[in-house]
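>>> Please find the sequence and the predicted model below.
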There are 2 protein chains.
Amino acid sequence: MKNRLKVLRAERDWSQQDLADRLGVSRQSVNAIETGKYDPSLPLAFTIAETFAMPIEEIFERG
Amino acid sequence: MKNRLKVLRAERDWSQQDLADRLGVSRQSVNAIETGKYDPSLPLAFTIAETFAMPIEEIFERG
DNA sequence: GCCCAATGTCAAGCAACATTTACATAATGA
DNA sequence: TCATTATGTAAATGTTGCTTGACATTGGGC
């Protein structure tokens, strides 16, 4: 799964810590997801989508 | 996470085994997801969405 | 009554997700 | 220079997703 988290964060000028706080997860989890070390759970993917106000499919894609 | 798998299966007259075969997972996994025992991984959620040709958000919802 | 497909459930095990703690690096600014 | 912030990474640990194999129940058709 590839994702656009880094760009979406940059557009809002959020640090990984800022996003982690909004998502209720650790900074390391945000970093790991962003750098492709693993995929978020489905509930976390929903929270991410809500946070950026866009569909999951516009943030993540198979790759 | 609640989901509409049972209804979507019924609309297509697929058994849990049929769906499992299409998704490439075990029947028990389909059953567990359908009965809410656990959530699918994000990649599996994508495969499910592709299989039913609709967005993830139209199949799963927070509950 | 019997058989069979479908479903639900359990247990044990492995792989993946997510956590905390910690350390290293680069960039910024006082 | 020194302190701070942001990011990347690692190890150890706990939780969750998915597996196989097995067993019980239900409903329909013969």
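Yep, it's here.

>>> how much space between the closest residue to A:Phe52 other than its chain neighbours and DNA strand D?
In space, and not counting its chain neighbours, A:Phe52 is closest to A:Leu8: 5.2 Å by Cβ to Cβ, 6 or more residues apart in numbering or on different chains. Bear in mind the C-beta positions are built from the backbone N, C-alpha and C, glycine included. Distance from A:Leu8 to DNA strand D, counting by Cβ to the nearest atom of the strand, to the nearest Å: 12 Å.

>>> What is the burial count for A:Leu8?
A:Leu8 has 18 neighbours, counted by other Cβ atoms under 10 Å in any protein chain shown.

>>> Surely it is in contact with A:Ile59, unless I've mixed up the numbering?
Yes - A:Leu8 is in contact with A:Ile59 according to Cβ atoms under 8 Å; the separation is 6.9 Å.

>>> I'm done for today, thanks for sticking with me.
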